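Visitor: Predicted coordinates and the sequence they were generated for:
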Amino acid sequence: MDELIRVEIDDIIMTNTGFAMVFIDREKERVLPIFIGPFEANGILMKLQGVSFPRPLTYDLIKNIIEMMQGYVEKVVINDLREGTFYATLYIATNDQVLEIDSRPSDAVAICVRFGAPIYVTEKVMAISSIPLEEYNSKRSLKSQEQELEEEISKEKEETKSYQIKEEKTRQQAKKKEVLIEELKKELEKAVNEERFEDAAKIRDEIKKLTEEL
């Protein structure tokens, strides 16, 4: 049996060719990027960032069904790569058996993160498709430096603004942001339902930004 490597979701990034799920093997310092669709990317990111909705979305519904059947996700294994397509198996444990369900990695991971279950990749797949962590970091270094500069400028502006305004005004602004976040959540849910995934990604990032400012 091929060795299983425990990985973590390092990030979900948007590239020129679409969204990519980036897994990291910390022990051997290598990463595995897998391109996924915008719907799946949003489904994973919304859970990782703690964005919730009044009504369950598709992956939340699947989680509820599994739990109502007295089951849970045991693990996900990304176990094959054929003709540029990754394959995964979703392991669902019930009272008396473990079901092995053939899945796309993106769907399997979107369900997996809702149970907090571990993610594994076979050594065969890692050997074929992973890249060294150092190489991955160097490719992102310039972008990271730009982001750090933007964050530093934003931080300085925020500190200056906080110094100039009174405490009461700050509380009022916080309340306005909370209202805006709730409105954006409704817009996000609407965008996802209408499959406007690019709009959904922008709205999600705005929610994250506003939440961090509270």
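Guide: Cool, got the structure. Everything numeric here is computed off the predicted structure, so don't read it as measured data. Numbering: from 1, shown residues only.
Visitor: and stretch 114-132, what's its mean pLDDT?
Guide: When pLDDT is averaged along stretch 114-132, the result is 94.
Visitor: whoops, stretch 9-19 was the one
Guide: Mean predicted confidence for stretch 9-19 is 87.
Visitor: mind listing what's buried in that stretch?
Guide: Going by neighbour count (16 or more other Cβ atoms under 10 Å), the buried part of stretch 9-19 is 9-10, 12, 19. For every residue, glycine as well, the C-beta is placed using N, CA and C.
Visitor: biggest separation within those, which pair?
Guide: Maximum pairwise distance in the buried residues of stretch 9-19, criterion Cβ to Cβ, is 13.8 Å, between 10 and 19.
Visitor: Which residue ranges of this structure form helices?
Guide: 38-48, 58-68, 105-112, 123-129, 133-164, 167-193, 197-213 (DSSP state H).
Visitor: middle-most residue in this structure, spatially?
Guide: Among the residues of the chain, the one closest to the centroid is residue 45, at 3.0 Å (Cα atoms, centre = their mean).
Visitor: so of the helices of the chain, which one's packed in deepest?
Guide: With neighbours taken as mean count of other Cβ atoms under 10 Å, the helices of the chain reach their highest mean count in helix 105-112, at a mean of 26.
Visitor: okay, the angle between that one and helix 38-48?
Guide: Orientation check (axes from the mean of the first three to the mean of the last three Cα atoms, to 10 degrees): helix 105-112 against helix 38-48 gives 30 degrees.
Visitor: Give me the contact list for helix 105-112.
Guide: By Cβ atoms under 8 Å, 6 or more residues apart in numbering, the residues outside helix 105-112 that reach it are 9, 21, 34, 36-37, 40-41, 43-44, 47, 59, 62-63, 66, 73, 75-76, 78, 86-90, 119.
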